[in-house]
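S.K.: Build me a model:
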Amino acid sequence: RRMAQTTPELTSENVSVRLIGDQEGFWKSYSLPGGKIYLSTSSLKKLDYENEVAALLAVQLAHLQKGHALNRVIEKAGIDPKKRLIGASDIPDALPLFGPNVVFQYAEEANVEACESAVAILYRAGYDPRGLVAVYQLYKSNAEHSEFDSERLSSMLQCAHQSIAGHVALTGEPLNIDDV
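M.R.: From the prediction side, this is the model:
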């Protein structure tokens with residue numbers, strides 16, 4: 001709730017979290033348009049600290065904030081993105097959610113954008129964003145349960161490190177290069 005409240009585009013009233021079992025042996029966490037977040041119980045059991053759970057939630061909040069799931073549903077359903085109102089009847093019943101080339105297979109840019117936003121959400125909510133690094137490392141060390149390949153996870157880890165470094169305030173006096 002605290003993270004949703006710090007994200008202007010979302011409110012805690014329109015975000016709900018549901019726990020799900022493993023799907024096809026993978027630890028799945030995803031969000032659906034309308035503010036529904038689903039977290040894998042198996043991945044949650046592997047997390048040791050509150051900031052890691054917060055990080056898992058923050059990534060999904062970031063995907064909601066950026067409209068990634070909605071954009072993928074529109075794309076996969078073949079809906080004209082310029083259409084102003086999209087109703088349930090516009091979305092096919094058998095829209096594939098998981099597997100190759102489906103709704104939750106985001107492009108690299110969307111994952112980077114979600115990573116950067118997740119770090120900001122964690123900072124605003126008062127959580128240590130290094131939990132995001134720990135989550136990505138967990139997925140990398142348990143590749144058999146991760147839906148991401150090693151290269152994608154390395155990219156996500158690098159993004160998390162860079163985003164965290166970008167939010168850390170510099171302390172001390174600026175260094176004058178002429179004094180060195």
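
S.K.: From now on I want contacts and neighbour counts done on CA atoms only, so please keep to that.
M.R.: OK.

S.K.: Okay, buried residues for stretch 126-146 please.
M.R.: 127-140, 145-146 (16 or more other CA atoms under 10 Å).

S.K.: Can you flag which of these belong to helices?
M.R.: 130-140 (DSSP state H).

S.K.: I37 versus N14, what's the distance?
M.R.: For N14, the distance to I37 equals 11 Å [CA to CA, to the nearest Å].

S.K.: I misspoke; the intended subject was V15.
M.R.: Distance from V15 to I37, by CA to CA: 7 Å.

S.K.: likewise S31?
M.R.: 4 Å.

S.K.: Show the low-confidence segments of this protein, by residue range.
M.R.: Scanning the chain for pLDDT under 70 picks out 1, 4-5, 8-13, 23, 76, 79-105, 168-180.

S.K.: Quickly find the element holding the spatially most central residue of it.
M.R.: What sits nearest the mean C-alpha location of the chain, by CA atoms, centre = their mean, is V59, with 2.2 Å. Assigned by DSSP states H and E, V59 belongs to helix 50-66.

S.K.: which other helices and strands contact that helix?
M.R.: On a contact count with 3 or more CA pairs under 8 Å, 6 or more residues apart in numbering; DSSP states H and E, helix 50-66 meets strand 29-32, strand 36-40, helix 108-125, helix 130-141.

S.K.: For that helix, list the C-alpha coordinates in CSV.
M.R.: Only the C-alpha atoms of helix 50-66 are listed here, as CSV (Å, rounded to 0.1, in the frame of the first residue of the first chain):
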residue,chain,number,x,y,z
GLU,A,50,11.1,-7.1,3.4
ASN,A,51,12.9,-4.9,0.8
GLU,A,52,13.1,-7.9,-1.5
VAL,A,53,9.4,-8.5,-1.3
ALA,A,54,8.9,-4.7,-1.8
ALA,A,55,11.2,-4.9,-4.9
LEU,A,56,9.1,-7.7,-6.4
LEU,A,57,6.0,-5.6,-5.9
ALA,A,58,7.7,-2.4,-7.1
VAL,A,59,8.6,-3.9,-10.5
GLN,A,60,5.0,-4.9,-11.1
LEU,A,61,3.8,-1.5,-9.9
ALA,A,62,6.2,0.1,-12.4
HIS,A,63,4.8,-2.1,-15.2
LEU,A,64,1.3,-0.9,-14.3
GLN,A,65,2.5,2.7,-14.0
LYS,A,66,4.1,2.6,-17.5
